[in-house]
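Enquirer: Show me the folded form of this:
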Amino acid sequence: MVWRTKGSKSYVAKGIENRFKDYEEFRDFALEEDMKAGDCIHRPDRAGHYSRENAEFVDEKEHRRITGLERRKLSDNQVREMRALWKCGMSTYKICRNMDISQRTCWLVVNGGAYADVV
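Expert: Here you go, the predicted model:
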(Lines give C-alpha, C1' and ligand atoms only; values in the text may rest on other atoms or scores of the structure.)
Protein backbone atom coordinates (compact mmCIF):
# COMPACT_ATOMS: atom_id res chain seq x y z
CA MET A 1 0.00 0.00 0.00
CA VAL A 2 2.79 2.44 0.84
CA TRP A 3 4.67 1.55 -2.34
CA ARG A 4 1.53 2.04 -4.44
CA THR A 5 0.80 5.48 -3.07
CA LYS A 6 4.44 6.62 -3.35
CA GLY A 7 5.84 4.65 -6.28
CA SER A 8 3.03 3.76 -8.66
CA LYS A 9 2.67 6.39 -11.38
CA SER A 10 -1.08 5.91 -11.64
CA TYR A 11 -1.66 6.28 -7.88
CA VAL A 12 0.64 9.32 -7.68
CA ALA A 13 -1.07 10.93 -10.71
CA LYS A 14 -4.50 10.38 -9.12
CA GLY A 15 -3.30 11.78 -5.79
CA ILE A 16 -4.23 8.63 -3.85
CA GLU A 17 -2.62 8.65 -0.43
CA ASN A 18 -2.12 6.32 2.49
CA ARG A 19 -4.10 8.00 5.28
CA PHE A 20 -3.11 5.53 7.97
CA LYS A 21 -0.90 7.37 10.47
CA ASP A 22 1.54 4.48 10.80
CA TYR A 23 1.87 0.71 10.61
CA GLU A 24 0.38 0.25 14.08
CA GLU A 25 -2.82 2.07 13.11
CA PHE A 26 -3.13 -0.09 9.98
CA ARG A 27 -2.40 -3.28 11.95
CA ASP A 28 -5.04 -2.40 14.56
CA PHE A 29 -7.55 -1.70 11.77
CA ALA A 30 -6.73 -5.03 10.08
CA LEU A 31 -7.21 -6.90 13.36
CA GLU A 32 -10.50 -5.08 14.08
CA GLU A 33 -11.76 -6.01 10.61
CA ASP A 34 -10.71 -9.64 11.10
CA MET A 35 -8.23 -9.69 8.20
CA LYS A 36 -7.19 -13.23 7.35
CA ALA A 37 -3.99 -14.52 5.74
CA GLY A 38 -4.25 -14.07 1.97
CA ASP A 39 -6.84 -11.27 2.14
CA CYS A 40 -6.45 -8.21 -0.07
CA ILE A 41 -7.17 -4.63 0.87
CA HIS A 42 -9.89 -3.16 -1.32
CA ARG A 43 -10.93 0.49 -1.65
CA PRO A 44 -14.68 0.66 -2.42
CA ASP A 45 -14.17 4.22 -3.68
CA ARG A 46 -11.44 3.72 -6.30
CA ALA A 47 -10.72 7.46 -6.37
CA GLY A 48 -10.46 7.62 -2.58
CA HIS A 49 -7.48 7.28 -0.29
CA TYR A 50 -6.42 4.28 1.77
CA SER A 51 -8.14 4.97 5.09
CA ARG A 52 -10.34 3.33 7.69
CA GLU A 53 -13.38 4.77 5.91
CA ASN A 54 -12.36 3.47 2.48
CA ALA A 55 -10.80 0.09 3.09
CA GLU A 56 -12.06 -3.42 3.51
CA PHE A 57 -10.48 -6.86 3.37
CA VAL A 58 -11.66 -9.46 0.89
CA ASP A 59 -10.21 -12.76 -0.27
CA GLU A 60 -8.16 -12.79 -3.46
CA LYS A 61 -10.87 -14.36 -5.62
CA GLU A 62 -13.44 -11.76 -4.57
CA HIS A 63 -10.90 -8.96 -5.08
CA ARG A 64 -10.23 -10.09 -8.66
CA ARG A 65 -13.98 -10.25 -9.32
CA ILE A 66 -14.58 -6.75 -7.94
CA THR A 67 -11.59 -5.29 -9.78
CA GLY A 68 -12.74 -6.85 -13.04
CA LEU A 69 -16.18 -5.30 -12.67
CA GLU A 70 -14.69 -1.89 -11.84
CA ARG A 71 -12.46 -1.94 -14.92
CA ARG A 72 -15.17 -2.79 -17.42
CA LYS A 73 -15.30 -0.62 -20.51
CA LEU A 74 -18.78 -1.63 -21.65
CA SER A 75 -22.09 -1.31 -19.85
CA ASP A 76 -24.41 -4.28 -19.54
CA ASN A 77 -26.77 -2.63 -22.05
CA GLN A 78 -23.95 -2.20 -24.59
CA VAL A 79 -23.11 -5.89 -24.23
CA ARG A 80 -26.73 -6.87 -24.80
CA GLU A 81 -26.93 -4.57 -27.83
CA MET A 82 -23.76 -6.07 -29.31
CA ARG A 83 -25.07 -9.61 -28.90
CA ALA A 84 -28.43 -8.68 -30.44
CA LEU A 85 -26.73 -7.06 -33.45
CA TRP A 86 -24.52 -10.11 -33.93
CA LYS A 87 -27.52 -12.46 -33.75
CA CYS A 88 -29.20 -10.35 -36.42
CA GLY A 89 -26.23 -10.93 -38.71
CA MET A 90 -24.08 -7.83 -38.21
CA SER A 91 -20.37 -8.66 -38.38
CA THR A 92 -18.08 -8.18 -35.40
CA TYR A 93 -16.07 -5.79 -37.58
CA LYS A 94 -19.06 -3.43 -37.96
CA ILE A 95 -20.08 -3.82 -34.33
CA CYS A 96 -16.59 -3.00 -33.04
CA ARG A 97 -16.40 0.11 -35.24
CA ASN A 98 -19.73 1.33 -33.79
CA MET A 99 -18.67 0.58 -30.20
CA ASP A 100 -15.09 1.85 -30.53
CA ILE A 101 -13.58 -1.40 -29.24
CA SER A 102 -11.23 -3.95 -30.74
CA GLN A 103 -12.61 -6.70 -32.92
CA ARG A 104 -11.09 -9.26 -30.54
CA THR A 105 -13.04 -7.80 -27.61
CA CYS A 106 -16.20 -7.75 -29.69
CA TRP A 107 -15.71 -11.37 -30.68
CA LEU A 108 -15.19 -12.38 -27.05
CA VAL A 109 -18.31 -10.49 -25.97
CA VAL A 110 -20.67 -11.90 -28.60
CA ASN A 111 -19.38 -15.45 -28.10
CA GLY A 112 -19.67 -15.30 -24.30
CA GLY A 113 -15.95 -15.33 -23.55
CA ALA A 114 -16.17 -11.88 -21.96
CA TYR A 115 -18.99 -10.38 -19.92
CA ALA A 116 -20.36 -13.91 -19.50
CA ASP A 117 -22.36 -12.78 -16.47
CA VAL A 118 -24.43 -10.37 -18.61
CA VAL A 119 -27.59 -12.02 -19.86
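
Enquirer: So what does the residue nearest to the spatial centre of the chain look like in phi/psi?
Expert: By CA atoms, centre = their mean, the chain has its centre lying nearest to Thr67, at 2.5 Å. Main-chain dihedrals, Thr67, degrees, to the nearest 10: phi -60, psi -40.

Enquirer: likewise Phe57?
Expert: Dihedral pair for Phe57: phi -110, psi 130, per degrees, to the nearest 10.

Enquirer: contacting residues around it?
Expert: Taking CB atoms under 8 Å, 6 or more residues apart in numbering as the criterion, Phe57 is in contact with Ala30, Glu33, Asp34, Met35, Lys36, Asp39, Cys40, Ile41, His42. C-beta: built from backbone N, CA, C; applies to glycine.

Enquirer: And the strands in this structure?
Expert: 40-42, 56-58 (DSSP state E).

Enquirer: which helices and strands sit right next to the first one?
Expert: Applying 3 or more CB pairs under 8 Å, 6 or more residues apart in numbering; DSSP states H and E, one finds that strand 40-42 contacts strand 56-58, helix 60-70.

Enquirer: In its sheet, which strands sit next to that strand, and in what direction?
Expert: strand 56-58 (antiparallel) (DSSP bridges).

Enquirer: Nothing else from me, thank you.
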